[in-house]
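# Starting from these lines, generate the structure:
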Amino acid sequence: MTKNFETPEFLNYLQKKLDLEPFLLRDLMKEHSIFEAVDILVSKHNIDKEKIGQLFGGYIGYAYVDINNVIFDPQYMKSIPKEYLKMQVVLPLYKFGPAITVATARPTNPYLQNNIEKQLHSVISLVFSFPSDIINYIEKHYTE
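Numbering: from 1, shown residues only. Here you go, the predicted structure:
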């Protein structure tokens, strides 16, 4: 069963693990996505993004990678069109053994994995990263 980040179960899990004020996360999500709410918690409530990332990844069973602290090989990113990367919110990082490690906010999506494997002509290993980090990285580092 694929776990969803917008469920009451996950929101309660985050609130307890981060020791948040009751209903803070739910109130934020009335006007924002879960990922926008995370950005607000980090920027305005001084919550550690690394800790939140580990909680997200652990909840769905995938490693969290802060792509701002990873050395990556740009050849893999550039082998997929920029607009596709942004639309799907994915970022190929590096090759480790036979697999290319790819960051995404939705690593539980099997269709996404199959599509990326076809485009990279390689098996991939998915890791979790926040969408704002992925999009910002693509915008900053993808050159035609």
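# Not counting sequence-adjacent ones, nearest residue to residue 96?
Computed as C-beta to C-beta, 6 or more residues apart in numbering, the closest residue to residue 96 that is not its neighbour in sequence is residue 125, at 7.2 Å. In short, each C-beta sits where N, CA and C put it, glycine included.
# Please name the residues that touch that neighbour.
Contacts for residue 125 (C-beta atoms under 8 Å, 6 or more residues apart in numbering) come out as 96, 99, 100, 101, 102.
# Among these, which lie within strands?
Among those, the ones falling in strands (DSSP state E) are 96, 99, 100, 101, 102.
# Could you export those as CSV, including pLDDT, neighbour count and distance to residue 112?
Converted to CSV, the ones in strands among the contacts of residue 125 look like this (pLDDT from 0 to 100; neighbours: other C-beta atoms under 10 Å; distance: C-beta to C-beta, whole Å):
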residue, pLDDT, neighbour count, distance to residue 112
96, 91, 9, 19
99, 96, 15, 15
100, 97, 21, 14
101, 97, 21, 14
102, 97, 27, 9
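# Closest to residue 74 out of these?
When the ones in strands among the contacts of residue 125 are ranked by distance to residue 74 (C-beta to C-beta), residue 100 comes first, at 12.5 Å.
# who's in contact with the closest one?
Counted by C-beta under 8 Å, 6+ apart, residue 100 has contacts 76, 92, 93, 94, 120, 122, 123, 124, 125.
# Just the buried ones from those?
The neighbour-count criterion (16 or more other C-beta atoms under 10 Å) marks 76, 92, 93, 94, 120, 122, 124, 125 among the contacts of residue 100 as buried.
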